[in-house]
Every structure is written in structure tokens, then in C-alpha cells.
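Visitor: Give me coordinates for this.
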Amino acid sequence: MSACRLALLFHLTLGAAMLGALPALGAEAARQPYELIRALRSTQDRIAGGDAAAFLSYRTMLSEQATLFADAAADVWADPRNVRAAVAFVLSGGEPSILRKLVPLATGREQVLVKAALAYGENRNAEAAKLLADLDPRTLDGSIAGHIALVQAELVAKKQPEKALALLGDARLLAPGTMIEEAALRREATLAAELGAGDRFEKLTMQYLRRFPNSAHMATFRRQFAQDVARRSMADDPDRRARMAAIISGLPVGRQQELYLAVAWEGTKAGKVDLVRWAARNAASLAEDGSPQQLRSRLCEAAVLVVTDEIDSALAILRAMPAEKLDAEEEGLRAAALRLAGEMRRLPDLPGEGADPPAGTGAMPIVATARTAMARADALLGGGGR
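Guide: The predicted structure follows:
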């Protein structure tokens, strides 16, 4: 082959390679909105699976995609898939203003979705609820159905909790294995607790812990679970506690400890002696000697025992605790419990167990005193729990 032909072949090959690289250079900008939303959903689902890197990058991804959605050409929105993608983007926490230009471009059901998502994104919830009221999410395209059911449930939860529960169930069925199912399970469990539906709460808790044990939102679920169990009496019954323990036992030891400690902490603030003993002792049984988890378990149990006939042993435990090993909220609880014990010592003798309080005294003084002290501790702790 002549040198001239070799040179021509080289240039043709190089040119083809460069042309082939051009789509890659501008690939992100050229991607259709419905393709962008697939990438966003993939990140969401990784978060539900416990991917910490995906969780940390999510806000950045939303910001980058907002620019791409905003810069998309008008003809892009002729495709209903792209309109639905924009709706899903906003319902995922994206910038709602991108939908304003779509209102006159979309038609039919997609236009309703655009208007509703725009209202929702701009916190005009009453308008969003009205726009979505007649939409059955089960009749919508699969790419948006679960998300709409989740939003509908949130919008009606306060006034129509039973309807919200049904919609959350739809959301889970319409988007299995996704962040939508994860969020729906968390919300549904709390609603069940608010309604006093113990069996349903128990079932949903089991489903969540089995399906999303590593979710990046586990801390949120743990806090909700502990508050529901302690404040809404979802585990006052010994049989239910036994079933809860069986459910929790399927988790890694670290997760079990976290749940039990969260319940013990919330139970302490609620004054639930039996519940705290159950949770604290289960947590302690999983902890290493001298560990922070063991110390926190013993603190919670001792704190509630100061209002029982075991006050002496509780005081001994509290006084022996190494203050340097307690964090600020733990030291706050210890101080509140010691103050309560001091007040208990100054109280007059009380009737025996099962006896009625003295006439005209209302609630037992011990109960009022305990509640006051625990309220002070709760205020100190900011209502938080770990």
C-alpha cells in the first residue's frame, strides 16, 4: 500500500473514531428525560438497598438533572414518556419550576399530572389533592403509578387515614422493590400505629425489616418504630413483644441493638417500665461488656426503675455509672433520674399496689412526679432518640 493510501486510511480511521466519540461527549445533554429519570430511580433504589454513596450523591444528581430538564427542547415534551418523567422528577424532590412550561404543552391525563405535581412541589397541597382526587393510580402508566399513589396517600393521611393506608398499599404493589415501596412501608407502619392497628403494624414492621434491612433510611424507620412502640402502645402486650423479638432476631446483631436501644430510650421517656426492661435487657444481651451499648441499656433500665420498689438498686447503678463515658443526652437522663429519685425519697408513704389513691388527690403523686421529671429530661434531650 502506498504512503498516500496509508495516510488517507489513517485520517479516515481517526476521523471515524472522533465522530464516534462525539455522542459520548454530549451524551448526557442528549439523553431524553425518560432516560434521565431511569438513572434517578436507579439511584433511589440503591439508597433503599443501603448504598451510602448513592445517598450522598442524590441531591447533586437532582441538581444536575434539573438543568438538563430545564434545557430540554420544546419538541421533547411531545412524547408522553418525557412528560411523565418530568412529573416523577418533581415528585422525587426535583425543582418544580420545570413543570410550568409543560402545562400548556401537555394534554389529557398528563396535563393533570403536571398541574398536580407542580402544585405539590410548590406546597399547594389542597390544590394538588383536588387535582389527584379522581385519579386511580392503578390505571396510570407503570413509570408513575406508584409515585402518584404515594403522594395521594400523603395528601389525605390527616383527614382520611384509612384511605391513605389503602393508597400506600397500592404504592407498594405498583412499585415493588423500589424506594417508593420502602417509603410506603415506613409511612404505612406509622399510620397503622396511629390507628391502633397492632396486628397491621406488626406485619408491616416485619415486611420492612425483611425487605429493606440495609436502607439508608433505617435510622428514620428505627426512630418511628421506637416512638410507635413506646408512645402508641404497640408492644405493651407480652405476646406482641415476643413476636417483635422474633422479627428483630432476623437482623444483624448491630441492627438488633439499635432497635432495642431506640425502644428503651423512647420507653424511658414515656415511663413504660416493663417495655424498657424488655428492650434494655435484650440490647444488653447483645452487647459486649463495658461497651457504650451496654452502658446505655443499663442507664435506661435504671432510669425507669427509680419509680418502682427497686429504687435502691436503680440508684446504685446510676451513681456507679462513669460520667466520662456518657454522652450529653445520656448524662441528661441520668441527672433527671437522680433528681426524680431524690423527690421520690421525700414523698410520703403511698398505698400498696392496687390500692386507690387518697381521696381528693387525683392521680398518684408518684405518677405526677415521674411525668414531670421525664418531661424535663425529654426537653433536655430535644425529643431525640438513637
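Visitor: mind listing what Gly50 touches?
Guide: Residues in contact with Gly50 (C-beta atoms under 8 Å, 6 or more residues apart in numbering) are 213-216, 218. Where C-beta positions appear, they are placed from N, C-alpha and C, glycine not excepted.
Visitor: where in the stretch 1-150 of the chain is pLDDT low?
Guide: The model of the stretch 1-150 of the chain has pLDDT under 70 over residues 1-30.
Visitor: okay, which residue is most central for the chain?
Guide: By C-alpha atoms, centre = their mean, the chain has its centre lying nearest to Thr220, at 3.6 Å.
Visitor: now the closest residue to that residue other than its chain neighbours: how far from Ser215?
Guide: Nearest in space to Thr220, with sequence neighbours left out and distances taken as C-beta to C-beta, 6 or more residues apart in numbering, is Arg186 at 6.8 Å. Plainly put, Arg186 is 9 Å away from Ser215 if you go by C-beta to C-beta, to the nearest Å.
Visitor: Give the intersection of the neighbour lists for those two.
Guide: Phe221.
Visitor: Which positions within whichever strand or helix holds the residue nearest to the centre of the chain qualify as buried?
Guide: According to DSSP states H and E, Thr220 maps onto helix 218-231. Residues of helix 218-231 classed as buried: 218, 221-230 (neighbour count, 16 or more other C-beta atoms under 10 Å).
Visitor: Columns pLDDT and distance to Val304 on top of those residues, output as TSV?
Guide: TSV is the format used below for those (pLDDT from 0 to 100; distance: C-beta to C-beta, whole Å):
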residue	pLDDT	distance to Val304
Met218	93	26
Phe221	95	24
Arg222	95	20
Arg223	94	20
Gln224	95	22
Phe225	95	19
Ala226	95	15
Gln227	94	17
Asp228	94	19
Val229	93	15
Ala230	92	11
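Visitor: Helices of the stretch 251-386 of the chain, start to end?
Guide: Applying DSSP state H, counting those that start in this stretch to the stretch 251-386 of the chain gives helices spanning 253-270, 273-285, 292-305, 311-320, 328-346, 365-381.
Visitor: Indicate which one of the ones you listed is closest to Glu95.
Guide: Between Glu95 and the helices of the stretch 251-386 of the chain, the tightest spacing by C-beta to C-beta is seen for helix 253-270, at 34.6 Å.
Visitor: What helices and strands are in contact with the helix holding Thr220?
Guide: Where contact means 3 or more C-beta pairs under 8 Å, 6 or more residues apart in numbering; DSSP states H and E, helix 218-231 is packed against helix 179-194, helix 198-211, helix 253-270.
Visitor: Tell me where the stretch 51-200 of the chain has helices.
Guide: Under DSSP H, counting those that start in this stretch, the stretch 51-200 of the chain gives helices at 52-71, 80-91, 108-121, 125-132, 145-156, 161-174, 179-194, 198-211.
Visitor: Which one of those helices lies nearest to Lys101?
Guide: Across the helices of the stretch 51-200 of the chain, Lys101 has its closest neighbour in helix 52-71 (8.6 Å, C-beta to C-beta).
Visitor: hmm, who's touching that closest one?
Guide: With C-beta under 8 Å, 6+ apart, helix 52-71 has contacts from 28-29, 31, 33, 36, 39-40, 43-44, 46-47, 86, 89, 92-95, 97-98, 216.
Visitor: Could you list the buried residues of it?
Guide: In helix 52-71, counting by 16+ other C-beta under 10 Å, buried: 54-55, 58, 61-62, 65-66, 68-69.
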